[in-house]
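Peer 1: What shape does this take:
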Amino acid sequence: MALFGIDGFHTTDACPLNNSKSAKLLLNAEMLNLDKISKKYKINKILGQYHSALEHTFLWIVDAEDPHLIQQFCIESGLASFNAVKIIPLITTQEAIETVKKVNPQ
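Peer 2: Model prediction:
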């Protein structure tokens, strides 16, 4: 299992609340059927999808095999068409603690 964050934002003008083109993209079949398209890009599971509507930001957590394939997923799903997207490798807090213990043994 490899965890990645898909961190993104859009401008107020590009927000699906204010922009009919973005709204259409958000509501299209690909965006609504993310499970189907995510398997194509070796995303094992979408663990969480969090949005702050008025901040125009989002963070999705995915279990995936390859960040380059996540990039392709963001393009094909339409997510990258009106959002700036950053793909972030993640570890759990426990994994971070174990790394600190190895680097700085007590």
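
Peer 1: quick one: the longest strand seen in the chain to chain centroid distance?
Peer 2: Ranked by residue count and defined by DSSP state E, the top strand of the chain is strand 43-52. With Cα atoms, centre = their mean, to the nearest Å as the basis, strand 43-52 stands 6 Å off its chain's centre.

Peer 1: Adjust the sequence numbering to begin at 28 for everything that follows.
Peer 2: Okay, using 28 as the starting number, the last item reads as strand 70-79.

Peer 1: Quick check: buried residues in it?
Peer 2: Ile70, Ile73 (16 or more other Cβ atoms under 10 Å). Yep, even glycine has a C-beta here, placed from its N, CA and C like the rest.

Peer 1: now swap in stretch 91-99 and tell me
Peer 2: For stretch 91-99, by 16+ other Cβ under 10 Å, it's Ala91, Leu96, Ile97.

Peer 1: In helices, which of these fall?
Peer 2: Those of those mapping onto helices are Leu96, Ile97, per DSSP state H.

Peer 1: For the residue nearest the centre of the chain, list each beta-bridge partner.
Peer 2: Among the residues of the chain, the one closest to the centroid is Ile33, at 2.5 Å (Cα atoms, centre = their mean). Ile33 forms beta bridges with Trp87, Ile114, as assigned by DSSP bridges.
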